[in-house]
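>>> generate a structure from the sequence data that follows.
(one chain, ligands or ions: 1)
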Amino acid sequence: MTDPFPPHLSSPLLSLDHIRAVLQRLEDTILFQLIERAQFAKNARMYEPGAFKELKEREQWDGSWVEWFLRETEAAHAKCRRYESPDEYPFTDPALLPKPILPPIEYPKVLYERSVVNDNKRIWEWYRDEVVPTITRRVEMGDDGQYGSAATRDVEVLSALSRRIHFGMFVSESKFRSAPASFIGPIQSRDRDALEALITKPAVEAALLVRLEGKAEVYGQDLNTGDESRRKIDAKEVVRLYREFVIPETKVVEVDYLLKRLDGLSEADIEELRQSRAS
Ligand SMILES: O=C(O)C(=O)C[C@]1(C(=O)O)C=C[C@@H](O)C=C1
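Modelled structure (predicted):
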């Protein structure tokens with residue numbers, strides 16, 4: 001099998017400038033969605049499987065309230081072919097989702113299909129266990145009963161985080177195509193550390209965290225009163241969430257993607273890739 005997306009077929013979608021512009025815009029989306037969720041209480045029972053007996057009785061659903069709401073939302077989005085798009089992945093098991101009603105769109109083939117990863121299980125667990133308790137700490141009540149409003153925000157934050165983290169695949173494809181020869185050895189020897197070193201750009205990460213803190217300081221203030229005690233979100237916490245999970249997890253996706261980047265290619269195909277130059 002020949003690599004269907006050889007490096008000489010460069011796509012503007014794979015320019016690092018374009019990809020980083022998308023990641024930057026997603027910072028705003030994620031920040032606004034986090035602020036939206038942070039106005040409601042933690043509502044721990046929303047995340048406990050079986051805590052809503054109505055779901056068991058009326059929907060035959062054993063999972064949590066938020067997972068059920070994800071499935072309901074994602075079912076509508078699946079009908080609109082959202083998950084046909086190479087940058088959108090559902091949290092719900094695709095086997096439980098309906099088929100699109102709209103006819104398929106021909107997306108430009110930029111990712112190597114055998115390499116695509118779905119990291120949503122890890123994103124969900126981290127969001128439930130780390131993000132929700134962190135951003136709702138300012139709300140005095142532990143449970144405000146706003147299960148519909150809070151779950152609506154959860155679904156929005158989760159889908160923005162998922163899109164951001166899965167964008168790591170585009171970053172990887174771009175980096176791989178710009179220098180296949182440097183990646184082939186570590187891919188073949190399954191060397192995660194070497195691959196991580198190749199994709200890591202400390203200056204980009206540092207600039208991101210500074211920019212993000214600035215945005216969170218500005219967007220999170222209460223402009224109506226100027227009262228610091230009424231901040232909507234703690235900027236340092238947002239930075240910590242990015243530093244400790246969002247960026248590292250994007251890199252996990254990048255490395256997982258790369259590890260499968262040569263699957264199905266013959267020795268001759270790989271040799272051709274090794275010899276190829278970035279366009
Ligand atoms: O911009 C890149 O080059 C990326 O790989 C993305 C990203 C990020 O998650 O923001 C991840 C790893 C790099 O060290 C820098 C930034």
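>>> alpha carbons only for contacts and neighbour counts from here, please
OK.
>>> and the strands in the stretch 51-200 of the chain?
For the stretch 51-200 of the chain, applying DSSP state E, counting those that start in this stretch gives no strands.
>>> ok, the residue nearest the centre of the chain - contacts?
Central residue of the chain (Cα atoms, centre = their mean): Ser162, 2.3 Å from the mean position. Each residue near Ser162 by Cα atoms under 8 Å, 6 or more residues apart in numbering is listed here: Glu88, Tyr89, Asp119, Asn120, Ile123.
>>> if we go to 6 Å?
By Cα atoms under 6 Å, 6 or more residues apart in numbering, the contact list for Ser162 is empty.
>>> do you know the pLDDT at it?
At Ser162, the model reports a pLDDT of 98.
>>> also Met1?
Met1 carries a pLDDT value of 51.
>>> could you do Gly226 as well?
You'll see Gly226 listed with a pLDDT of 76.
>>> so it: helix, strand or coil?
Put simply, Gly226 is coil when judged by DSSP: H, G, I helix; E, B strand; the rest coil.
>>> measure it to Lys215 for me?
Applying Cα to Cα, to the nearest Å, the value for Gly226 to Lys215 is 16 Å.
>>> the more surrounded of these two?
Lys215 (15 against 10; other Cα atoms under 10 Å).
>>> could I get the average pLDDT for stretch 253-263?
98.
>>> and for stretch 71-84?
Mean pLDDT, computed over stretch 71-84, is 97.
>>> what is the burial count for the closest residue to Arg230 other than its chain neighbours?
The shortest distance from Arg230 to any non-neighbouring residue, by Cα to Cα, 6 or more residues apart in numbering, is to Asp222 (6.1 Å). Neighbours of Asp222 under the rule other Cα under 10 Å: 15.
>>> do Phe183 as well
Residues near Phe183, counting by other Cα under 10 Å: 22.
>>> and it, what's its pLDDT?
98.
>>> look up how far Pro202 lies from it.
19 Å.
>>> swap in Arg37?
30 Å.
>>> please say which of those two ends up with more neighbours.
More crowded of Arg37 and Pro202, by other Cα under 10 Å: Arg37, with 24 against 10.
>>> which of the helices or strands spans that one?
helix 16-38 (DSSP states H and E).
>>> which other helices and strands contact that helix?
Other helices and strands packing on helix 16-38, by 3 or more Cα pairs under 6 Å, 6 or more residues apart in numbering; DSSP states H and E, are helix 147-166.
>>> got the CA coordinates for the helix it packs on in CSV?
Provided in CSV are the C-alpha atoms of helix 147-166 (Å, rounded to 0.1, in the frame of the first residue of the first chain):
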residue,chain,number,x,y,z
TYR,A,147,-28.6,19.8,36.4
GLY,A,148,-29.9,20.8,32.9
SER,A,149,-28.0,24.0,32.7
ALA,A,150,-24.8,22.6,34.2
ALA,A,151,-24.9,19.5,31.9
THR,A,152,-25.5,21.8,28.8
ARG,A,153,-22.3,23.7,29.7
ASP,A,154,-20.4,20.4,30.4
VAL,A,155,-21.2,19.1,26.9
GLU,A,156,-19.9,22.4,25.4
VAL,A,157,-16.7,22.5,27.4
LEU,A,158,-16.0,18.8,26.7
SER,A,159,-16.5,19.2,23.0
ALA,A,160,-14.2,22.2,22.8
LEU,A,161,-11.5,20.4,24.8
SER,A,162,-11.8,17.3,22.7
ARG,A,163,-11.5,19.3,19.5
ARG,A,164,-8.4,21.1,20.9
ILE,A,165,-6.7,18.0,22.0
HIS,A,166,-7.5,16.0,18.9
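>>> now the residue nearest to Arg230, what's its secondary structure?
Strictly by three-state DSSP, Asp222 counts as coil.
>>> pLDDT score for the nearest residue to Ala216 once chain neighbours are set aside?
Counting by Cα to Cα, 6+ apart, Ala235 is the residue found nearest to Ala216 once chain neighbours are left out, at 4.8 Å. For Ala235, the pLDDT comes out at 95.
>>> check what pLDDT Glu205 gets.
Reported pLDDT for Glu205: 98.
>>> oh, I was asking about Thr136
pLDDT at Thr136 comes out at 96.
>>> gap between it and the ligand?
Look at Thr136 and the ligand: by Cα to the nearest ligand atom, to the nearest Å, they are 24 Å apart.
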